[in-house]
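Q: Show me how the following folds:
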Amino acid sequence: MDSSIIDLILYIFRSMLQVLRFGRRSINNSLNIYIKSNTGSTLTVELDPKWDIKNVKEVIAPQLGLPPDEVKIILAGKELDDSIIIEECDLGERSILHAVRSRSKNLSEKPLRSLNDAISVRQLANISESDDSTLSVEELDASEGKQHRSNFYVYCGAPCGMIRMGKLRVRCATCGSGALTVDSDPTCWDDVLKSHRISAHCEEENCSTGPVSWAEFYFKCAEHTSEGEKDQAVPLYLIRHNLSNVPCLACTDVSDPVLVFPCSEHHVTCLSCFHQYCLTRLRERQFVCHAQYGYTLPCPAGCPDSDIQESHHFHILDNEEYQMYQRFGAEEFVLKEGGVLCPQPGCGAGILVDPDCKKIQCIGGCGFVFCRDCMQGYHLGECLSRTDESLMAAGVSYSVDPARAAQARWDDASKVTIRVMTKPCPRCRTATERDGGCMHMVCTRCKLQWCWVCQTQWTRECMGAHWFG
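A: Below is the predicted model:
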C-alpha cells in the first residue's frame, strides 16, 4: 500500500480519537462559541474556559478538513498563540472566533502570545485623543499594580440601554470580515475612530482588495450576550479608568471610573458629579449649541475649546432627563435658525419660517395659527400685551398691583384647558369654542365672521377650501 495512503488513514484515525477524547471530556462552565472560517462556513462549539488555543485547534481542525498545525485562530485583529487560555480572551456567550488556514508568515506577523502584548490597545482609554504616547507594561504595572482586562466604556442602545463596559474589535474596512490581522496596534484614539489609519491583512477569500486592506475598529458591549458581528456600541472615549487616582474637580473624591474633559488641562470629574453637572445645566438651559457637536457642555472649569464632541456621553442622564435634553436641543436649534416654537400647550413643535412672516400655522403639529410677534392666536391689528389682553377680555379697566396679581391666579390647569379647547377671535380676542358644524364662526361679542382653520376674516376662499373641514 502506498505510504501516502497509510499516512492519510493514520491522520484520520488520530483525528477521530481527538474528537472522541474531547467529546468525552467533562466541560464545566462551558462557552458556546461560533467559529467562522474564511470560506463562509460557521461552526458552533462548546469550549472549556480552561482550554488553550491548541486544544481549540484540535477540536475544530477535523471539521475544517485541516491539520491542527495549519489552523490559525484570529480574535480582534490578532492571531492567538497556542498557549493562550480561553478565559484570558475575555470571550462571552456566542462570541466569534475566526479560523483560517495558515499562509506563509511574514516576519512582521507574530501570534499574540500574551494579553500583555495588546497593551497599546488597552491603554487607549487612558490617553487623550490627541496624545500619541504609549505606556509600557512596566509603567502600567507601577501605576496601578495590576492589569485591567477592559478599559473601554460604551453606550449600549439595545438591549442594555445604558453605559456599559465595552470590548474593542476590528474588521476589514472593505468586506467587513473579522478574519484579518492588523499590521500594528492602534496607539491613540484617532487610530481607532478615524479610517485608513492602520493597515491589515484580510484572510477573506472574496475580499475585493486582496490580502492588503485597512482595519476598521468598532466596539461591542461586554455585558450582554453577543448578537453577532453586527452588534455594535458607541464608544464613550472620555470615560476612563482612573489609573493615576486623580481627584474629582467638584467633590475632590478619588473615584473609578471618571470622565476626562477634552480640554488642555484634562480636568477629571467623577460620574456622579458629571451627572449633577449635566442635570443642573439642563434645567437652567445652559447647554451650548455648537455648530459641529450639537447641544453640548464645556469643561466646568471654563477651559477654552473643551466642548464634549460625542453626545452619547449625556446618557449619564436617566431616560426622562435625556428626553428633556433632546427636546431642549431641538428647540435651541430651531430658535438659532430663526424659527419659532408653537405656543399651544402640549405641542411646542419647532417651525422654520421666513423672517418677515407674521401669521404662522403649526403644520404637522396641532394646527394652531398664531401671531409671531405676541405668540398669541392670530389676530387683526396691533398686538396687545398679556395684561391688556386679559383686561379687554374681562371688559374692565382698572389698575392692578403686580405683587398682588401674582397671588390672584386661578388654577393653571383651567387656563391650559381653555387654551387647548378654544381659539381667540381675530378681532377682539374672545376665547371661542367650536362644538361642531362648519368652520364659519361668528363672534358673539364683536360679530366678526371668521374662519376656524385660518383664524382670519371669513372669505370665499375659506368657503371653497375648508367650509366643512
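Q: What are the boundaries of the strands in the stretch 201-350 of the chain?
A: Ranges of strands in the stretch 201-350 of the chain, per DSSP state E, counting those that start in this stretch, are 212-221, 234-235, 239-240, 258-260, 268-270, 288-290, 294-296, 340-341, 350-351.
Q: tell me what the fourth one is packed against?
A: Contacts of strand 258-260 with other secondary structure elements, assessed using 3 or more CB pairs under 8 Å, 6 or more residues apart in numbering; DSSP states H and E, are made with strand 239-240, strand 268-270, helix 271-283. In short, each C-beta sits where N, CA and C put it, glycine included.
Q: which element follows the lowest-mean-pLDDT helix or strand in the chain toward the C-terminus?
A: Here the helix or strand of the chain ranked lowest by mean pLDDT, DSSP states H and E is helix 137-144, holding a mean of 36. Sequence order places strand 152-156 as the next helix or strand after helix 137-144, per DSSP states H and E.
Q: Between strand 212-221 and that following strand, find me the angle.
A: 70 degrees (axes from the mean of the first three to the mean of the last three CA atoms, to 10 degrees).
Q: how much does strand 152-156 deviate in direction from helix 271-283?
A: Using the same axes, to 10 degrees: strand 152-156 against helix 271-283 is 40 degrees.
Q: what about strand 152-156, distance to the chain center?
A: 9 Å (CA atoms, centre = their mean, to the nearest Å).
Q: Kindly report the same for stretch 420-433.
A: 44 Å.
Q: residues of it that come out buried?
A: Across stretch 420-433, burial judged by 16 or more other CB atoms under 10 Å covers 423, 424, 425, 426, 427, 428, 429, 430, 432.
Q: which non-adjacent residue is nearest the third one?
A: When you say that, I think you mean residue 425. residue 443 (4.3 Å; CB to CB, 6 or more residues apart in numbering).
Q: Now for the one you found: which residues touch it?
A: 425, 427, 428, 430, 432, 449, 450 (CB atoms under 8 Å, 6 or more residues apart in numbering).
Q: That one and residue 451, how far apart?
A: For residue 443, the distance to residue 451 equals 12 Å [CB to CB, to the nearest Å].
Q: same deal with residue 162?
A: 50 Å.
Q: ok, these two, which is more surrounded?
A: Using other CB atoms under 10 Å as the criterion, residue 162 and residue 451 rank with residue 451 on top: 22 against 13.
Q: that older thread, output the helices and strands packed on strand 258-260 as TSV; include the columns distance to residue 345.
A: Output for the helices and strands packed on strand 258-260, formatted as TSV (distance: least, CB to CB, whole Å):
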stretch	distance to residue 345
strand 239-240	39
strand 268-270	37
helix 271-283	20
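Q: could I get those as JSON lines with mean neighbour count?
A: Output for these, formatted as JSON lines (neighbours: other CB atoms under 10 Å):
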{"stretch": "strand 239-240", "mean neighbour count": "22"}
{"stretch": "strand 268-270", "mean neighbour count": "23"}
{"stretch": "helix 271-283", "mean neighbour count": "17"}
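Q: any chance of these in CSV, with distance to residue 364 and mean pLDDT too?
A: Shown next, in CSV, are those (distance: least, CB to CB, whole Å; pLDDT from 0 to 100):
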stretch, distance to residue 364, mean pLDDT
strand 239-240, 38, 91
strand 268-270, 40, 93
helix 271-283, 26, 93
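Q: Could you say which one of these comes nearest to residue 360?
A: Of all those, it is helix 271-283 that lies closest to residue 360, at 27.6 Å by CB to CB.
Q: Please save the CA atoms from the closest one in CSV.
A: Taking C-alpha atoms only, helix 271-283 is exported to CSV below (Å, rounded to 0.1, in the frame of the first residue of the first chain):
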residue,chain,number,x,y,z
LEU,A,271,-19.5,60.2,37.1
SER,A,272,-21.8,61.2,40.0
CYS,A,273,-20.7,64.9,39.8
PHE,A,274,-20.8,64.8,36.0
HIS,A,275,-24.4,63.7,36.2
GLN,A,276,-25.2,66.5,38.6
TYR,A,277,-23.4,69.0,36.3
CYS,A,278,-25.4,67.9,33.3
LEU,A,279,-28.7,67.9,35.1
THR,A,280,-28.1,71.4,36.7
ARG,A,281,-27.1,72.9,33.3
LEU,A,282,-30.0,71.2,31.6
ARG,A,283,-32.7,72.6,34.0
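Q: how about CSV for the strands of the stretch 201-350 of the chain, with distance to residue 158 added?
A: CSV is the format used below for the strands of the stretch 201-350 of the chain (distance: least, CB to CB, whole Å):
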stretch, distance to residue 158
strand 212-221, 9
strand 234-235, 12
strand 239-240, 20
strand 258-260, 23
strand 268-270, 27
strand 288-290, 27
strand 294-296, 22
strand 340-341, 31
strand 350-351, 27
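Q: how about those, which one is nearest residue 35?
A: Residue 35 sits nearest to strand 212-221 of all the strands of the stretch 201-350 of the chain, at 17.6 Å, using CB to CB.
Q: So which bits of that closest one are buried?
A: For strand 212-221, a neighbour-count test (16+ other CB under 10 Å) marks 213, 214, 215, 216, 217, 218, 219, 220, 221 as buried.
Q: of those, the lowest pLDDT goes to which?
A: pLDDT is lowest at residue 213 among those; the value there is 85.
Q: ok, the closest residue to residue 192 other than its chain neighbours - contacts?
A: Spatial nearest neighbour of residue 192, excluding adjacent residues (CB to CB, 6+ apart): residue 217 at 4.4 Å. Contact partners of residue 217, counting by CB under 8 Å, 6+ apart, are 168, 169, 170, 186, 191, 192, 193, 198.
Q: so what's residue 217 bridging to?
A: On the basis of DSSP bridges, residue 217 is bridged to residue 170.
Q: again, but for residue 235
A: Applying DSSP bridges to residue 235 gives these bridge partners: residue 154.
Q: start to end distance for stretch 234-249?
A: Separation of the first and last residues of stretch 234-249 by CA to CA, to the nearest Å is 26 Å.
Q: buried stuff in that stretch?
A: 234, 235, 236, 237, 238, 239, 240, 241, 242, 243, 248, 249.
Q: before we move on, the earlier item: going by distance to residue 55, which of the contacts of residue 443 wins?
A: residue 432 (82.1 Å).
Q: In this structure the closest one contacts residue 439, no?
A: No. Contact criterion CB atoms under 8 Å: residue 432 and residue 439 do not qualify, at 12.0 Å.
Q: care to break the chain down by domain?
A: For the chain, automatic domain parsing gives the domain ranges 117-240, 258-336, 353-398+410-466.
Q: Distance check, the residue nearest to residue 192 against residue 96.
A: Residue 217 is 16 Å from residue 96, by CB to CB.
Q: next one: residue 368
A: Distance from residue 368 to residue 96, counting by CB to CB: 53 Å.
Q: And residue 306, by the same measure?
A: Residue 306 is 39 Å from residue 96, by CB to CB.
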